[in-house]
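[1] sequence plus predicted model, see below.
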Amino acid sequence: MQVDLKQPQAVITIKPPSSSEHSDQGADTPNVDKSYKMNMSANGFSKADQAQEAKEELPPHIQRLKDRIEQIKVQIEEQQQKVQQMMQDGSADAETIEAAHKQLAALQMELGATMTALGDALREAKITDPGILLSAIA
């Protein structure tokens with residue numbers, strides 16, 4: 001492994017919660033360092049900055065479509081959890097579960113249509129820069 005000493009690096013250490021927060025661990029559990037270290041070069045920081053700049057370069061209507069896609073994804077996840085909970089509990093009747101499934105399907109259709117609209121908007125805006133395109137679809 002080669003290290004470029006000309007580029008500054010940051011070391012990020014991530015540690016899990018302390019063992020005292022987990023009551024399911026036994027007293028005889030060995031004390032093991034479970035921290036993770038990640039090195040990020042200045043080049044990595046610059047790529048993150050470029051992604052943020054690319055996001056800011058998006059036209060407002062494309063940014064709104066991107067924001068709407070994120071909202072729909074959250075709604076889909078919430079609806080999936082709701083359906084799963086209803087099915088596990090057995091508290092809802094078949095009609096209620098079917099209605100929840102239909103609502104989930106409608107959200108998924110809306111997501112597909114919004115993603116298609118985003119693709120069309122990107123083509124109409126003649127955006128070809130890979131960084132901007134990745135920012136738009138990520």
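    Thanks, I have it. Numbering: from 1, shown residues only.
[2] can you give me the strands for this protein?
    Secondary structure of the chain, counting by DSSP state E: strands at 9-14, 36-41.
[3] show me the protein divided up by domain.
    Annotated domains of the chain cover 1-57, 58-137 [automatic domain parsing].
[4] out of these, name the one with the poorest average pLDDT.
    Of all the domains of the chain, domain 1-57 carries the lowest average pLDDT, namely a mean of 53.
[5] what about the helices in the chain?
    42-57, 60-89, 94-124, 130-137 (DSSP state H).
[6] can you lay out these as TSV showing mean neighbour count?
    The way it works is simple: take the backbone N, C-alpha and C, and place the C-beta from them, glycine included. Output for these, formatted as TSV (neighbours: other CB atoms under 10 Å):
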stretch	mean neighbour count
helix 42-57	13
helix 60-89	14
helix 94-124	14
helix 130-137	16
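[7] what residues are up against residue 103?
    Listed by CB atoms under 8 Å, 6 or more residues apart in numbering, the contact set of residue 103 reads residue 79.
[8] how does it look with 6 Å?
    Contacts for residue 103 (CB atoms under 6 Å, 6 or more residues apart in numbering) come out as none.
[9] could you do residue 89 as well?
    Contact partners of residue 89, counting by CB under 6 Å, 6+ apart, are absent.
[10] ok, it to residue 118 distance?
    Distance of residue 89 to residue 118, given as CB to CB, to the nearest Å: 36 Å.
[11] residue 131 too?
    Separation of residue 131 from residue 118 (CB to CB): 16 Å.
[12] now do residue 60
    Taken as CB to CB, the span from residue 60 to residue 118 is 13 Å.
[13] now do residue 77
    19 Å.
[14] and residue 124, by the same measure?
    From residue 124 across to residue 118, the span is 11 Å (CB to CB).
[15] please name the nearest non-neighbouring residue to residue 82.
    Using CB to CB, 6 or more residues apart in numbering and skipping the chain neighbours, the partner closest in space to residue 82 is residue 100 (6.1 Å).
[16] verify the stated contact: the one you found with residue 83.
    Yes - the pair residue 100 and residue 83 qualifies as a contact (CB atoms under 6 Å) at a distance of 4.7 Å.
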